[in-house]
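> Based on what follows, work out the 3D shape:
(chains A and B)
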Amino acid sequence: MEKLRVLHVDIGGCEGCNVSIIRAYPKLIELIDLDISYLRDNGFKFDDYDVAIITGGVCMNEPSKIEKLKDIRKKADVVIAFGSCAAFGGILRFCRGGQEPRPDHRNFQPINAVINVDYSIPGCPPTPQMLQSFFKFFMSGNEARLRLFKVSANIKKLSGFDLLDDIVLTGLCIGCGACELSCPTGAIKLIDRRPTLAQERCIRCGTCYIRCPRASQLLSMGGEKR
Amino acid sequence: MIGITDNLLGSVVGVYLARAKDEEILKRKVASGGAVTAMLIYALEKGLIDGVVTAKRVRGFEGQAIVARTREEILEAAGNKWSIVPFAARVRAKIEEEDLKKVAVVCLPCQAQFFGQMREFPILETDFGERIRYIIGLFCTGTFAFEALLNYLRIKYNIKAEDIKNITLKEGFLEIQHDDSLLQLPLKEVYSYLQTGCLVCTDYTGMWSDISAGFIEKEKGWTVLITRNIRGEELVKGAEREGYLEVRDGSHVMGDILRAAREKLARAQKNMMSLL
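Numbers count the residues shown, from 1 in each chain, chains lettered A, B, ... in the order given. Sure, this is the predicted structure:
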């Protein structure tokens, strides 16, 4: 079988997602031909791609990044927002400027604020196995398994705050504890069988929402949340 | 035999009616065939897993996540819980504490969804999906918001939580055994005490499981097993081959399961319209 041409581009983040992709590559090498900036000098390896994986959030004050994203969209048949920053804004939402090193602008958005995204995969960062699983189901055409990531592609923000609003405060929480287990920063704790959120610890990665059986079920049934 | 389908029930490889061959299991499990217990004991004794994470009823309605590593511990955990156990975080703690490498998880459809997603799409480095060998999902019509239900039982029937010995579902009734008496509550009466989250759940059988298990009224004494992948299929066949399980074709009960699944879906859609 011909290998998929896969482009990876990072448009601004902590590099955690990039490391994850590189760690995933050895097990994907038979399936995909990965064009990643760490393996070449400049420009792109091919003119067009089957899949583009984009990591990092887009700085809306940086026209060159916005143009770059639009250019990638034209080159690739399928665009994946990989990692919480690219998918939902993530911790970049809290950028206030002036830090060393950069970013030094205030307004960071998920990439679907600029271009159409086909799949959003949250995680801060997602594990290498996540990407391996994704390609396994993508290449076998198992859309049922990828549905959650497909509907996530239309969501512009997702966090512990949304989980509280949509699931806990509406009474839909069943008290299973999946959110508590999934929070990478320990912001969610179950008290009296219901989640509570330590707001200052929430990095808006969206993992809790995607992992909540009820929230993810509502999303994949076609519930829209933009 | 039904082919692999993707429908209201999710992916289906095989549908069976099964029951434990062990008399002791059958004695303890009168409502269904004890097939899940038998399969777990088989997996444990043959070294396919080194522990079972499940919920055990500790008092009244309350359940607690436990790890069963022996036949006796599995037998003790068997039985209905009727309340959701905050399972996920406890499962990780249990797996790490006891250093389990291959576990079977017995859970409800919502929990099966979470564990299944975690196994197939690990988002976090701390995910432990690769340690979950089997996910066994139980048919589920919902769990009770048990504080509210217990309150109702106390006010209306003067039944205290700690006096409840057993709860069983019998054709439209919830039978509550407390001290020496038996209370038959029509389901309609307690319906509003189901958790709101369960009222919008669309998954009756647990589509993310390797094996879904439950029972239907017309096949009393048998457990319905739906295998969803090769892993599940091998567990059922292995348990049958090694003499732990008596298995027969269950294609004829598909209609009943589909009907129950459709009812749950319809309930979810109706409730979702009013809740969201």
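> any chance you could read off phi and psi for residue A:32?
Geometry field for residue A:32 lists phi and psi as phi -130, psi 150, criterion degrees, to the nearest 10.
> what's the distance between it and residue A:5?
Relative to residue A:5, residue A:32 is positioned 8 Å away (criterion: C-beta to C-beta, to the nearest Å). Every residue, glycine included, has its C-beta placed from N, CA and C.
> residues contacting the residue positioned nearest the centre of chain B?
The structure's chain B has its C-alpha centroid closest to residue B:138; by C-alpha atoms, centre = their mean the separation is 2.7 Å. If a contact means C-beta atoms under 8 Å, 6 or more residues apart in numbering or on different chains, then residue B:138 has B:36, B:106, B:107, B:108, B:109, B:206, B:212, B:213, B:214 as its contacts.
> Name only those of the residues you listed that count as buried.
Neighbour counting over the contacts of residue B:138 (16 or more other C-beta atoms under 10 Å in any protein chain shown) leaves B:36, B:106, B:107, B:108, B:109, B:206, B:212, B:213, B:214 as the buried ones.
> rewinding a little: give the residues shared as contacts by residue A:32 and residue A:5.
Contact with both residue A:32 and residue A:5 is made by residues residue A:51, according to C-beta under 8 Å, 6+ apart.
> what's the least confident helix or strand in chain A, going by average pLDDT?
The least trusted helix or strand in chain A, going by mean pLDDT, DSSP states H and E, turns out to be helix A:213-220, with a mean of 85.
> other SSEs contacting it?
Contacts of helix A:213-220 with other secondary structure elements, assessed using 3 or more C-beta pairs under 8 Å, 6 or more residues apart in numbering or on different chains; DSSP states H and E, are made with helix A:143-152, helix A:207-211, helix B:109-120.
> winner for burial among those helices?
Compared across the helices and strands packed on helix A:213-220, helix A:207-211 shows the largest average neighbour count, a mean of 29 (mean count of other C-beta atoms under 10 Å in any protein chain shown).
> Any chance of CSV for the helices and strands packed on helix A:213-220, columns mean pLDDT?
Output for the helices and strands packed on helix A:213-220, formatted as CSV (pLDDT from 0 to 100):
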stretch, mean pLDDT
helix A:143-152, 91
helix A:207-211, 95
helix B:109-120, 91
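> got those helices as TSV, with distance to residue A:121 columns?
As requested, the helices and strands packed on helix A:213-220 are exported to TSV (distance: least, C-beta to C-beta, whole Å):
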stretch	distance to residue A:121
helix A:143-152	6
helix A:207-211	9
helix B:109-120	12
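> quick one, which of those helices is nearest to residue B:219?
Nearest of these to residue B:219, taken as C-beta to C-beta: helix B:109-120 at 20.7 Å.
> which residues are in contact with the closest one?
The contact list for helix B:109-120, computed with C-beta under 8 Å, 6+ apart, reads A:133, A:137, A:145, A:148, A:174, A:176, A:178, A:211, A:213-214, A:216-217, B:84, B:87-88, B:91, B:105, B:107, B:127-130, B:132, B:135, B:137-138, B:140, B:197, B:201, B:203-209.
> And it, how far out from the chain middle?
Shown here is helix B:109-120, whose average C-alpha point lies 14 Å from the average C-alpha point of the whole chain (C-alpha atoms, centre = their mean, to the nearest Å).
> pLDDT of the helix or strand that residue A:22 is a member of, averaged?
Secondary structure from DSSP states H and E places residue A:22 in helix A:16-28. Per-region confidence: helix A:16-28 scores 94 on mean pLDDT.
> Partner strands of the helix or strand just after it and their direction?
Toward the C-terminus, helix A:16-28 is succeeded by strand A:32-36 as the next helix or strand (DSSP H and E). Based on DSSP bridges, the pairing partners of strand A:32-36 within the sheet are strand A:4-10 (parallel).
> pLDDT on the strand it pairs with, on average?
On average, the pLDDT along strand A:4-10 is 95.
> Any buried residues in the helix or strand hosting residue A:131, and which?
Here residue A:131, judged by DSSP H and E, is contained in helix A:128-139. Taking 16+ other C-beta under 10 Å as the neighbour-count basis, helix A:128-139 is seen to contain the buried residues A:128, A:129, A:130, A:131, A:132, A:133, A:134, A:135, A:137, A:138.
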